[in-house]
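> below: sequence and its predicted model.
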Amino acid sequence: MAHIHGPDNDFPLRRFLYPFAIAGAFVAGGWGLAAAVAWLLDVAAHNATVIASAAGPVGVGGIILKLACSK
């Protein structure tokens with residue numbers, strides 16, 4: 001079996017492994033951050049809908065804005 005690290009073949013595997021490990025961790029963190037932001041926006045939209053439906057029509061300066069339709 002051929003070894004990568006040997007007396008006649010000294011191939012520095014760590015020189016190539018560390019940048020790929022760092023890049024992989026960076027990409028995984030980016031995807032995790034994007035998923036967390038999407039989840040927070042979903043929760044915020046749901047909360048805004050619940051609050052708007054409970055509040056009913058909102059009037060500002062004579063202009064009434066109906067935020068949610070209640071049937």
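Structure's in. What do you need? Numbering: from 1, shown residues only.

> can you give me the strands in this structure?
In the chain, the strands defined using DSSP state E lie at 57-60, 63-66.

> for the first one, what is the average pLDDT?
Confidence over strand 57-60, taken as the mean pLDDT, stands at 62.

> what is the burial count for residue 50?
11 (other C-beta atoms under 10 Å). All C-beta spots, glycine's among them, are computed from the backbone N, C-alpha and C.

> for the one 4 residues further on, same thing?
Taking other C-beta under 10 Å as the criterion, the count of residues near residue 54 is 10.

> report the separation between it and residue 15.
60 Å (C-beta to C-beta, to the nearest Å).

> same check, this time on residue 27
For residue 27, the distance to residue 15 - C-beta to C-beta - is 20 Å.

> show me the shaky parts of this structure.
1-11, 55-71 (pLDDT under 70).

> in it, which spans are helices?
13-55 (DSSP state H).

> got a list of what residue 43 touches?
Counting by C-beta atoms under 8 Å, 6 or more residues apart in numbering, residue 43 touches no other residue.
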